[in-house]
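Undergrad: Only the shape, not the letters, is given here:
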Ligand SMILES: [Zn+2]
């Protein structure tokens with residue numbers, strides 16, 4: 001499962017760990033997070049996250 005990075009603050013969502021503080025169980029893929037899930041560090045919405053390694057500075061270049 002891929003990790004996702006918050007482009008607002010740099011928080012990394014690791015599916016292996018989930019987000020227990022928000023009731024997200026370990027092993028939950030980013031795609032299966034509820035739509036109202038937000039970054040636990042800064043409150044940014046899911047739309048602010050990008051795949052780790054994708055390089056958000058290069059977003060739109062490689063895809
Ligand atoms: Zn954040």
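TA: Right, received. Where do you want to start? Just so it is clear, the structure is predicted and the values come from calculations on it, not from any experiment. Numbering: from 1, shown residues only.

Undergrad: what does the chain put close to the ion?
TA: 6, 8, 9, 11, 39, 41, 42, 44 (CB under 5 Å from the ion). C-beta: built from backbone N, CA, C; applies to glycine.

Undergrad: The last one contacts residue 13, doesn't it?
TA: No: Residue 44 is not in contact with residue 13 according to CB atoms under 8 Å; the separation is 11.0 Å.

Undergrad: and those two? which has more neighbours close in?
TA: Remark: of residue 44 and residue 13, residue 13 carries more neighbours, 24 against 16, as counted by other CB atoms under 10 Å.

Undergrad: ok, for that one, nearest residue in space, not its chain neighbours?
TA: Among residues not flanking residue 13 along the chain, residue 4 sits closest, at 4.5 Å (CB to CB, 6 or more residues apart in numbering).

Undergrad: for this protein, what spans make up the strands?
TA: Under the criterion DSSP state E, the chain contains strands at 4-6, 12-13, 49-51.

Undergrad: out of the residues of the chain next to the ion, which one sits closest to residue 26?
TA: residue 11 (16.5 Å; CB to CB).

Undergrad: Residues in contact with both of residue 44 and residue 13, list them for me.
TA: Residues within reach of residue 44 and of residue 13 at once, by CB atoms under 8 Å, 6 or more residues apart in numbering, are residue 6.
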